[in-house]
Each structure stands twice: as structure tokens, then as C-alpha cells.
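Trainee: Next comes the sequence, and after it the predicted model I'd like to discuss.
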Amino acid sequence: MTITTVLYQPQDQGLLERSWQRSKDYGLSHSGHVDPRCLSLSALQQKQQQHVLLLRYLNNTLPLFEQLQHGRHCRLIFADAEGTILFTSGDPHFGNKAQKVALASGASWHEQSMGTNAIGTALNEQKEICILGNQHFLAANQGISCSASPVLSPSGELLGVIDISSEAGEHCQDMLLTARLMALSVENALVMNHNDTHWILSLAPDAGSLQQPWSGIIALREDGKLLGANRSARHWLPDLDIPAMLNDLRQGELTPVGSGMALLSRQPGRRPASRSAPAASSGLEATALKLMARCIPLLIQGETGTGKDHLVRRLHRQSGRAQGPLVAVNCGALPAELLEAELFGYLPGAFTGGSKQGRPGYIRAAQGGILFLDEIGELPLAAQTRLLRVLQEKAVIPLGSHAPEPVDFQLVAASHRDLAAMVTDGGFRQDLYFRMNGFSLSLPPLRDYERDDFMRLVQSLLAELEEAVVLDEAALARLWDYNWPGNIRQLKQVLEVAVVLAEDDRISPAQLPELPNFEGSTKASPATGDLKSHADRLIAQTLDECGGNVSEAARRLKLSRTTLYARLKALKDN
């Protein structure tokens, strides 16, 4: 095995020609008006939340951008896999008014609407690229120059691009290098901080390159199972026998491997147990995995926020389809007029306004993997009928076609609605309900958790966020007394805030954000017979927090010292 460094690839000379041809095929005019599609604020925030980890790691690399591009009039941009700008930073004075609008968060730079440009073309070609001045297809964009580098997930999925844009005459050759280094840094952070990562295998041609952004990084589970790799390591994976390497490598020791060097290290603070928040019992998950091995469809039901998406991601990682895609579709978020086109795909020219190249659709995109249809109760009846036919015939007919195309995917559907009641009311097809409900998993709302299960969940979520932080008993009691209308999703957000506000790696009630007081959001008070024991526990906890200082404890409890001494004496006597 030969280990090589993959840092730079020369730009494909035919790339511009292909992109310009695509721009013409989209029906764009060279002199056409630039009118970037912009998302609403709520839609933008939803997309940003989907990439919250990536954006956090990108924010951590800003010092690198500022150091390498200091004093230059340029902007740093991240756009997702659909070409929508989710993050922008840099010189606030760069660009004219129109350019500032076009390069703002929420604007789309997909080739289909903006023609040849660094963001859209890098996404289409899945390669890093420079588009300088008049290389843009639309004349209106030729006043800027841009360099973009793709960002890939630990599984190799395209997440988006990092772009640096400047005035056409002020673009520098090293801007592409900066975009590339930032993309590598973000990718490496995503690999190394995977929830289940316990071992990191680093690979490089020599020992001095092992800590560089372009070294190969492979994330492994506690048992040695591959979880993900950065782009450098993926070039070597086909030639690696990882189980054999793990037998030969010793933690923390440099080891020659082929013509390169390898280093195996344990992630700091990782525990042997899984760090993913539980969404269902391990017994249910094991049963689900056995059924998935026979391609039996699953139906997951539970209130919003109970962890349906987390459960599906976990099942995907552990299933026999882990190497295939996980295509998640929120049926309630698809525009009604485009729902069938997005789900089943369409041929070129199938309808006015569609892509001239056609689209495969989500069902065909899930080939060999898992299709997760979330909020399936929102599907209109016409789409339900088409979906039923796909499941029966294991083939999909794209819009504009009469020829069925075979498909192989595992169906997992989910809904917070009572689908059986919808069947009774005529809002959901009975035959589709039985077809997709091969096995049903019900996720309980957080208010139905037993106290021990709730505490384990809190500790698991905290472990995902920050290993060293401890939640004290008073804060735990406050969390337990709340009913969590937003379920696990709401609890996780509260803990994220608390971790940031923690003092001396300890979370007390003062560090917990205010919990919304909806009707029924607080659990019933203890029965009269339990009030005394509840008060006694509170006194003991407060006194412990005050280091035995009775005066301070009395002040916090809003009791006189005489009363507190009397209660303490009663506790001692009992």
C-alpha cells in the first residue's frame, strides 16, 4: 500500500465548457437579469439548524481565514448542497448593493438559476474550482471572482462548498488554497467528532504530516467498525485491511504502514458505551434491525421531538445498508405542487419549469439504502396511491415516463399523527397503511419516562455535548419536574445552553435557561404525604451546595436560621 497526500488537483480544462453548456440548457441568457432566489428567514434558520455542527466548526476556522486573507476585500461563504448560502463573513464593504444582496445568507447560487459560478459549478462537478470574472455565464456576475472547495461528510456525502469571493480584479491565487484548507479542517472536525468515534486512525506519507489538515483521518467505533473518513483517507480505504492494522498497531505509537506512517489514538474522554441519545429500547432496536435485514418496512410513531430521526440514523449505521444512502424526506415540507416530482422524479421536459435534465427523485436516490419518509401522514391521497404502487411493484415510474424502473430500498416511515385514526376518517389509505406498517415502534414522550430512564437520557445527552460538565441534583430535579412539551429536542437545546453557561464545569439551576410555562408543562406537585420528604431533600441539597454554611442556606431557602436549625435537628433525630 502506498500512502500519498491528496491536497491539490489541477482544474479540469473542460469544466467551464460543460458548465456553460448546462447554463444554456437551463434556458439562461448570457445577458439575463440576476435575481437570486432567497429563502424566508424561517426556512433559512431551518437549513442552518440542519448544519449546526458544520457551521460551528467553520466558525472555529475563521482565524485561519483572517490570517491568510487579512486586509483583502473578500467574503467567506458556505453554501449547502442545494447552493443556498447559510453563512457569510469577511469584509462588510465588499461588493456593490446588488452583489451584497446576491451574496447574503439565504440566497441561492445553484447553476440552474445563476449559471456558471464557483458555488453552483463546484456543487455540480463536485470539484474545487475558480471562476474568474468573465468566466461567469451571466454577464451580471462577471464583476466578481470566486474560488470554491466542496465539503464532504465523513461518509463522503456532499454537504456544500466553502467559497471565497472578491472583486474580479482583486482575486488572488491563494484564495482557492485558503478555501481548500478550511474545507479540509471542517471535514476533519466532522470525522473526529462523530458521536460514536472512539478511535482515530491517522495516515500520512511521513510522521511530520500526521498532524496536518491534509493527512488521512479514519474514525472507528469502539469495536473497530469504520464510521467515516476524510477525503484523503477515502483514497486509501480500498487498499486498507483495517482489522489487520488494528491488531498490529499500538495506541499512541507511530507505526510504518506500507510506504507511510500510521498513528492510532483514542478520542479523549470517550466512553465505551454509545454516546447517542436513546430513542427506544435496545430490544426494540435489535428487533427492528432483524426485520430490516428482510426488508420489512418499519413505522415509527411518536410526538414531535421524541427522537424519530435519531433512531433512524442509528438503525442506518447498524443495518446491512449502512454503506448505502440514508435519504430523509419530510413529507410535510415538500411543496404540494412539486411533491410528486420531488418524490418520484421526472424526465427532461416532463412539465413547465422543471429541470431540462430531469431529476431522479428521492425514491431512486435511496437505491441500495434507506428511504425515511418523515411525517408521512402529510402525503396527499394521490401521492399515497403512487407510493403504494412503488412498494407493491418495487419499481418507480418517473413523471413523463411510462417505463417502470426497478428500485431497491428499505422503507422507514414516521408520523406524529394517529395514522389508524386517519384511515378511519378517510385521510390515509388503508392498504398503504398496512403495506408500510410491517413493524411499528412507538417512541414515548419525555413526560412518560421513568425517573431513572430520564436521568440516563440527560447524562447521555450531556456526554454528547461536553464530557466534563456535571449537572447538580437541584438542576436535575428542576429538569425532572418539567413536562417537556418539545420532548428530547427541547431537552437537548436546554442542555446545550446550560453547557455554555456552566461555571467550573458544573450546571446548577442558575445556568438553566427559563423553561416556557405552557399549560400542563409542570408535573403535578407531590402528594401531601410526600411534601415533607421533598422539603427535607431540598434542605439537604441546599446545605450541601453552601458547604455547610447554615446562614447562606437559610438565605437561599428564605427561612430564618432558627427555623432551619429546628428542621436540621428534626432530620438528625429521625
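Mentor: Now that the structure is in, tell me what you want to look at.

Trainee: Helices of the stretch 351-500 of the chain, start to end?
Mentor: Per DSSP state H, counting those that start in this stretch, the stretch 351-500 of the chain carries helices over the ranges 361-365, 381-393, 419-425, 430-436, 451-465, 473-480, 487-501.

Trainee: ranking the ones you listed by burial, who's on top?
Mentor: Between these, helix 361-365 has the highest mean count of neighbours, a mean of 21, where neighbours are mean count of other CB atoms under 10 Å. Every residue, glycine included, has its C-beta placed from N, CA and C.

Trainee: and that one, what other elements does it pack with?
Mentor: Contact partners of helix 361-365 among helices and strands, from 3 or more CB pairs under 8 Å, 6 or more residues apart in numbering; DSSP states H and E: strand 326-330, helix 339-344, strand 395-396.

Trainee: Can you say which of those is packed in most?
Mentor: helix 339-344 (a mean of 20).

Trainee: hang on, the earlier thing: compile the helices and strands packed on helix 361-365 into a markdown table and extend it with columns for distance to Val499 and mean pLDDT.
Mentor: Converted to a markdown table, these look like this (distance: least, CB to CB, whole Å; pLDDT from 0 to 100):
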| stretch | distance to Val499 | mean pLDDT |
| --- | --- | --- |
| strand 326-330 | 27 | 88 |
| helix 339-344 | 37 | 84 |
| strand 395-396 | 44 | 92 |
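
Trainee: Now distance to Arg72 too, for these, in JSON lines please.
Mentor: Shown next, in JSON lines, are the helices and strands packed on helix 361-365 (distance: least, CB to CB, whole Å):
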{"stretch": "strand 326-330", "distance to Arg72": "39"}
{"stretch": "helix 339-344", "distance to Arg72": "40"}
{"stretch": "strand 395-396", "distance to Arg72": "49"}
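
Trainee: show me what contacts Val390?
Mentor: Phe344, Ile363, Val396, Val407 (CB atoms under 8 Å, 6 or more residues apart in numbering).

Trainee: separation between it and Leu373?
Mentor: 11 Å (CB to CB, to the nearest Å).

Trainee: follow-up on the earlier one: of all the helices of the stretch 351-500 of the chain, which lies closest to Glu82?
Mentor: Of all the helices of the stretch 351-500 of the chain, helix 361-365 sits nearest to Glu82, with 13.4 Å by CB to CB.

Trainee: For the closest one, what is the distance to the chain centroid?
Mentor: 20 Å (CA atoms, centre = their mean, to the nearest Å).

Trainee: Extract the C-alpha set from it and format it as CSV.
Mentor: What follows is helix 361-365, C-alpha atoms only, in CSV (Å, rounded to 0.1, in the frame of the first residue of the first chain):
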residue,chain,number,x,y,z
GLY,A,361,-36.4,11.9,-7.2
TYR,A,362,-35.9,10.9,-3.6
ILE,A,363,-37.0,7.3,-4.1
ARG,A,364,-34.4,6.5,-6.8
ALA,A,365,-31.8,8.4,-4.8
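
Trainee: For it, which outside residues touch it?
Mentor: The set of residues external to helix 361-365 that reach it, using CB under 8 Å, 6+ apart, is 325, 327, 329, 341-346, 371, 390, 396, 398, 405, 407, 409.

Trainee: likewise stretch 174-188?
Mentor: Outside stretch 174-188, the residues touching it (CB under 8 Å, 6+ apart) are 7-8, 54, 57-58, 61, 64-65, 68-69, 74, 76, 128, 130, 147-154, 161-164, 166, 213-214, 217, 230-231.

Trainee: Pull the distance from it to the chain's centre.
Mentor: 20 Å.

Trainee: May I see the buried residues of that stretch?
Mentor: 175-188 (16 or more other CB atoms under 10 Å).

Trainee: for these, which one is nearest Leu44?
Mentor: Using CB to CB, Val186 comes nearest to Leu44 of these, at 19.7 Å.

Trainee: got a list of what the closest residue to that closest one other than its chain neighbours touches?
Mentor: The shortest distance from Val186 to any non-neighbouring residue, by CB to CB, 6 or more residues apart in numbering, is to Tyr57 (4.8 Å). Tyr57 makes contact with Ser185, Val186, Ala189, Leu190, Asn193, according to CB under 8 Å, 6+ apart.

Trainee: Helix or strand: which one has Tyr57?
Mentor: helix 52-60 (DSSP states H and E).

Trainee: and after that helix, which helix or strand comes next?
Mentor: Next element after helix 52-60 (DSSP H and E): helix 62-68.

Trainee: and that next one, how far from the chain's centre?
Mentor: For helix 62-68 - counting by CA atoms, centre = their mean - the centre lies 25 Å from the chain centre.

Trainee: Tell me which residues touch Asn134, please.
Mentor: So Asn134 contacts Gln142, Ala168 (CB under 8 Å, 6+ apart).

Trainee: Relative to Gly169, how far out is it?
Mentor: According to CB to CB, Asn134 and Gly169 sit 12 Å apart.

Trainee: Same check on Glu337?
Mentor: 43 Å.

Trainee: got it, and Phe409?
Mentor: 50 Å.

Trainee: For the nearest residue to Asn487 once chain neighbours are set aside, list the residues it contacts.
Mentor: Closest residue to Asn487 apart from its sequence neighbours, by CB to CB, 6+ apart: Gly305 at 3.4 Å. Residues in contact with Gly305 (CB under 8 Å, 6+ apart) are Gly486, Asn487, Ile488, Arg489, Gln490.

Trainee: now the stretch 251-400 of the chain, which segments are flagged as low pLDDT?
Mentor: 267-283, 350-356 (pLDDT under 70).

Trainee: where do the strands sit along it?
Mentor: 255-257, 260-266, 298-301, 326-330, 370-374, 395-396 (DSSP state E, counting those that start in this stretch).

Trainee: next one: the stretch 51-200 of the chain
Mentor: 74-80, 85-90, 129-131, 144-152, 158-167, 199-204.

Trainee: May I have the phi/psi pair for Asn117?
Mentor: Asn117 adopts backbone torsions of phi -160, psi 160, taken as degrees, to the nearest 10.

Trainee: Thought Cys146 was touching it, still the case?
Mentor: Yes: when contacts are counted by CB atoms under 8 Å, Asn117 is listed as touching Cys146 (6.5 Å).
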